[in-house]
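Q: Please work out how this folds:
(one chain, ligands or ions: 1)
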Amino acid sequence: MTVHLYERDLPADVFAPGPIAVDTETMGLNPARDRLCLVQLADGRGDEHLVRFPPGDYAAPVLKAVLADRSRVKLYHFARFDLAVLRAYLGVEAGPVFCTKIASKLVRTYTDRHGLKDMLKETIGVDVSKAQQSSDWGAPVLSDAQKDYAASDVRYLHRAVEVLTERLAREGRTALAQACFDFLPWRADLDLAGWAESDIFAHL
Ligand code: MN
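A: Numbering: from 1, shown residues only. Here you go, the predicted model:
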């Protein structure tokens, strides 16, 4: 199990075929203000691959091709944010999508604890640290603690998706989940277009 860190883009052909877990780290929660600093990816076979971006350098042709590849499902936890950031900075629609937070909300209806830490603890019994969640992801040199934290955000998503997929089937909510996943790129576009704070489905 190795964490690989690259500058500006992925090398070619680092992933086996199949779904890819994706996460992003940014300077904050507002994509219009807070730049994309890091994209983390894993194919579920043990290694994590991190791509660090200096300010303003988002060419990354290999990474963009992987993210835009419609033959690979992308696994996220809270895809809505990552999709918006990837659209805003890399100009790609990084789907098709499986979002473990949406899946968790559709099956773990007995709790309101749908953060990554709680979801992983219950679905696969893994305890991840969130200690580096708020740190300076724009720093030119990332600490080992930052790298390991960033990698751990994609390390377990394939295993969680297996459990959540079974639970969605058991509860008869597979189609509902898929419809939500398919809408997420549009939800992200609405966020970027100025509807981030309002629910267009609400009455008022
Ligand atoms: Mn993260």
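
Q: Would you mind listing what in this protein touches the ion?
A: Contact residues (CB under 5 Å from the ion) of the chain with the ion: D23, D153. For the C-beta atoms, the positions are set from N, CA and C on the backbone; glycine is no exception.

Q: Where does the chain get nearest to the ion, residue-wise?
A: Using CB to the ion, the single residue of the chain nearest to the ion is D153, 3.7 Å away.

Q: Let me know the helix or strand that that residue is in.
A: helix 144-155 (DSSP states H and E).

Q: In that helix, which residues are buried?
A: Q146, K147, Y149, A150, A151, S152, D153, V154, R155 (16 or more other CB atoms under 10 Å).

Q: Give me the residues contacting it.
A: 1, 3, 5, 21-23, 25, 38, 40-42, 48, 50, 75, 77, 116, 128-133, 135, 137, 139, 142 (CB atoms under 8 Å, 6 or more residues apart in numbering).

Q: what's downstream of that helix, the next helix or strand?
A: Going down the chain from helix 144-155, the next helix or strand is helix 157-170, by DSSP H and E.

Q: any chance you could map the strands in the protein?
A: With DSSP state E, the ranges of strands along the chain come out as 3-7, 20-26, 36-42, 48-52, 74-76, 97-99.

Q: For K101, which residues are in contact?
A: Taking CB under 8 Å, 6+ apart, we find K101 in contact with Y76, H77, F78, A79, H114, L116, M119.

Q: no wait, A60
A: A60 makes contacts with R8, D9, L10, V51, F53, L90, as judged by CB under 8 Å, 6+ apart.

Q: okay, those in TSV with neighbour count and pLDDT next?
A: Listed next are the contacts of A60 as TSV, based on neighbours: other CB atoms under 10 Å; pLDDT from 0 to 100:
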residue	neighbour count	pLDDT
R8	14	98
D9	17	98
L10	22	98
V51	22	98
F53	22	98
L90	20	98
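
Q: L106: how many residues sit nearby?
A: A count of neighbours around L106, defined by other CB atoms under 10 Å, yields 17.

Q: quick one, phi psi at the nearest residue to it once chain neighbours are set aside?
A: Excluding the flanking residues, the one nearest L106 by CB to CB, 6 or more residues apart in numbering is R173, at 4.8 Å. When read as degrees, to the nearest 10, the backbone of R173 gives phi -120, psi 20.
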